[in-house]
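*Asks:* okay, structure incoming, though there's no sequence with it:
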């Protein structure tokens, strides 16, 4: 009994000591203009990362805050965060009173990012993707500059592709199983509806997923978290669209437990910044939530975003010199309008049901079921037994008469006969070709119709490469506060995909039907479907290729977060299972025994483990460390090297091995915010697949059979065993000079290289075989498609009368051209006309000069932004405007080598003249461009 009494007294003493060491902290958050309480604002205690959410009266409460100096940050979507330095005294409650948050009208900048995130260069150049869409609502100083200032030049954070990040809606992953990248167009134009976002950087911990090494983006569409009210906006720009209208209404949670949000937008352009780029998009969003008591809630989200836009062509320097940087070879005049032959059409609605269960005060479970279906179509011209209708076809250009050995029988349409002889004749025909191109620089739609009508059967047609996906996703995520210092997050996700891929005939262009064969092959190999030989197809028919891809993916993760006064740390692990299969619908004539029916199932097992820690020197100064090792399955795209024609699986295909580490020093003070980060990542055993026509393939097969008499063939190139190494630093600082003037400086320096000599194999239709070309000597070449250096300085003035203006200067450098792996194999030195012997004139010095990677010129871009808002009764009217690249600076955002000249002699010949027939093709950024948005909130 005595021991029991003593024990109780000891426990009571400890409770009293604990009570004396903490205090209650609370406050009420309101909108500065309306003075209405802000529900769902977040108060964060930086010493422990503990958060408190404001209720319907705008009140937040921390029950136990440790004695001493503390920093509390109050934030809410669409508002400027407030930071408070507190001196907490034990046992003395601290009331911050009314915390006033000003509207952050700079968030209107998110709307201008539509020019980046939907202008998906992956259509024609997959190595020039920007990560801006992943970062658009991040409040980190560096990440904001990366999105808004660097994004226009295709900057990629830490040199990483989007597939190494994770984008989610309500915890449901949105990356495509085909290529691992999110399809931003699936929710394009719904900026108001997708503003509630959470971010992590690099491999840092997320409550929703294990993630990758680029970071995570979680978009929350739960109806009850939206600020009640209505918003209508109208925008104008001169980038990929011209006009935009959008309206959004959020009801807030009513007394019956119902809340809903609806949003709709329309974007359109007759012609965007580049010639012939039409644009039409309609988007709709609805979210409805019903609460059942205090612990359960159901939310249904539906997203429909239809988008159609004309693409722009990459061009060689010769074409740019002749026609200008805005030139686009994909369009032509038809019935008095510009008609683009290469449109991208996206229509993939999303339906999602979410269940939120508050198990108790310490635990919650979020379960989601999602279904997405629809189509993506990429149109282009196809032709049989007629001249290539592309106006930039190499035989139409002047360089053909100065760099080609072969004797052309004609130029244009055969109206100027002749041959290449001496320099005088070369110059004559080059001049004639130049004038003819300038007079016929666009697709001649009228001629295509005329030729088809005269022939009866179509010689050329317009078709689309079509993908019809059906994907079911289910996941569940548990968040549990196990103790005062330990939090568990765990979740599981299942995804099932059925993807139908085929050519869809859109327009016969005046003909009666179209012969479904491959005219570049002979005999039965010409047949796209041996079960229906010499088939004539009409509009709406599938043809060319026709197959399905199936994928089943399971992903499970768990993580533990430990939070203490001076240190926070976490450990996390995941397991993923992926199963892929191809099912051919056509029996292709070239691969009769390996095209129709189901392929073998390809199975990958993957795992990952990561950890990190935050060391809080003080409430304002933090050291942060993260590291991860994980494996990642190849995507569907990189599993089947020639999925359009056969069931082959990439030989020696392996999971990617990924290691990443970063260390940061972070300052969070009322006037000063800064982050300095050093990082390193290494991705091994990566796979890449490409398609092109090559000339001069000189390697012989084991049976001494040549690929062709001249080494020419259409090939599918598979690169395996590729290693990418990325290292560098990020720095961002924001300083509030006065109450109205703020300065921001950002710097990024990286070294992104290839760190292996991967293997190159070509699947060659001419001989129905896969040929191993051995090592490609890529080690120490630069990774392409993004600046590896970027610097920015910005000044922003924010007047108390609710107007602001800002200006930034940005410098971007070290952007490199995408190189051809085939050109850097031993095949480069082999003469296809000499039984595989090397060219006698080939030497190492000249080869190095020919294969030197091109470095694009640096770019200096000046951007100006500004805005103003007015309050009239309970209505807020505002305007936002930005002018990017004020001085109309011309710069290239990326480009790629053409691999057509696949050997030393042909490449030397192509580079010997003043212009090249098969030189690199380049993409250009926007010149001076603007974005203006007028909005009304009530």
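*Replies:* Looks like it arrived, so ask away. These figures come from a predicted structure and were not determined experimentally. Residues are numbered from 1 along each chain as shown.

*Asks:* quick one, strands of the stretch 401-550 of the chain?
*Replies:* Remark: strands assigned in the stretch 401-550 of the chain by DSSP state E, counting those that start in this stretch are 460-481, 486-507, 514-515, 536-537, 542-563.

*Asks:* mind listing the strands the first one pairs with, and their directions?
*Replies:* It stands for strand 460-481. strand 363-383 (antiparallel), strand 486-507 (antiparallel) (DSSP bridges).

*Asks:* between these, which gets nearest to residue 160?
*Replies:* Nearest to residue 160 among the strands paired with strand 460-481 is strand 486-507; the distance by Cβ to Cβ comes to 21.8 Å. The C-beta positions use only the backbone N, C-alpha and C, and glycine is treated the same way.

*Asks:* specify the angle between that closest one and strand 542-563 in degrees.
*Replies:* For strand 486-507 against strand 542-563, the angle by axes from the mean of the first three to the mean of the last three Cα atoms, to 10 degrees is 170 degrees.

*Asks:* on that earlier part again, would you turn the strands of the stretch 401-550 of the chain into CSV with distance to residue 722 and mean pLDDT?
*Replies:* Putting the strands of the stretch 401-550 of the chain into CSV (distance: least, Cβ to Cβ, whole Å; pLDDT from 0 to 100) gives the following:
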stretch, distance to residue 722, mean pLDDT
strand 460-481, 25, 97
strand 486-507, 25, 98
strand 514-515, 39, 97
strand 536-537, 39, 98
strand 542-563, 22, 97
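
*Asks:* what's the most buried one of the ones you listed?
*Replies:* Most buried of those, by mean neighbour count (mean count of other Cβ atoms under 10 Å): strand 514-515, with a mean of 21.

*Asks:* contacts for it?
*Replies:* By Cβ atoms under 8 Å, 6 or more residues apart in numbering, the residues outside strand 514-515 that reach it are 382, 384, 457-458, 461, 505, 508, 534-538, 543.

*Asks:* a markdown table for the residues you listed, including distance to residue 629?
*Replies:* Shown next, in a markdown table, are the contacts of strand 514-515 (distance: Cβ to Cβ, whole Å):
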| residue | distance to residue 629 |
| --- | --- |
| 382 | 46 |
| 384 | 52 |
| 457 | 59 |
| 458 | 55 |
| 461 | 50 |
| 505 | 48 |
| 508 | 55 |
| 534 | 55 |
| 535 | 52 |
| 536 | 56 |
| 537 | 51 |
| 538 | 54 |
| 543 | 46 |
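
*Asks:* just name the closest of those residues to residue 876, please.
*Replies:* For the contacts of strand 514-515, the closest approach to residue 876 (Cβ to Cβ) belongs to residue 505, at 51.2 Å.

*Asks:* any idea how far the closest one is from residue 465?
*Replies:* 12 Å (Cβ to Cβ, to the nearest Å).

*Asks:* go on, residue 839?
*Replies:* Counting by Cβ to Cβ, the gap from residue 839 to residue 465 is 38 Å.

*Asks:* residue 572 now?
*Replies:* Counting by Cβ to Cβ - residue 572 and residue 465 are separated by 39 Å.

*Asks:* cool, residue 802 as well?
*Replies:* 49 Å.

*Asks:* now do residue 310
*Replies:* 16 Å.

*Asks:* end to end on stretch 55-70, go ahead and measure it.
*Replies:* 23 Å (Cα to Cα, to the nearest Å).

*Asks:* also stretch 211-231?
*Replies:* Start to finish, the residues bounding stretch 211-231 are 34 Å apart (Cα to Cα).

*Asks:* tell me how far that stretch lies from the chain's centre.
*Replies:* Here stretch 211-231 is found 18 Å from its chain centre; the criterion is Cα atoms, centre = their mean, to the nearest Å.

*Asks:* kindly report the same for stretch 244-259.
*Replies:* Worked out by Cα atoms, centre = their mean, stretch 244-259 lies 30 Å from the chain centre.

*Asks:* give me the buried positions along that stretch.
*Replies:* Going by neighbour count (16 or more other Cβ atoms under 10 Å), the buried part of stretch 244-259 is 244, 246, 247, 248, 249, 250, 251, 252, 253, 259.

*Asks:* and which of the residues you listed is nearest residue 394?
*Replies:* residue 244 (39.2 Å).

*Asks:* do you know how far the closest one is from residue 855?
*Replies:* For residue 244, the distance to residue 855 - Cβ to Cβ - is 37 Å.

*Asks:* residue 872: which of the strands paired with strand 460-481 is closest?
*Replies:* Across the strands paired with strand 460-481, closest to residue 872 is strand 363-383 (Cβ to Cβ), at 40.0 Å.

*Asks:* pretty sure residue 389 is touching residue 381, no?
*Replies:* Yes - A contact is recorded between residue 389 and residue 381 when judged using Cβ atoms under 8 Å, the distance being 5.5 Å.
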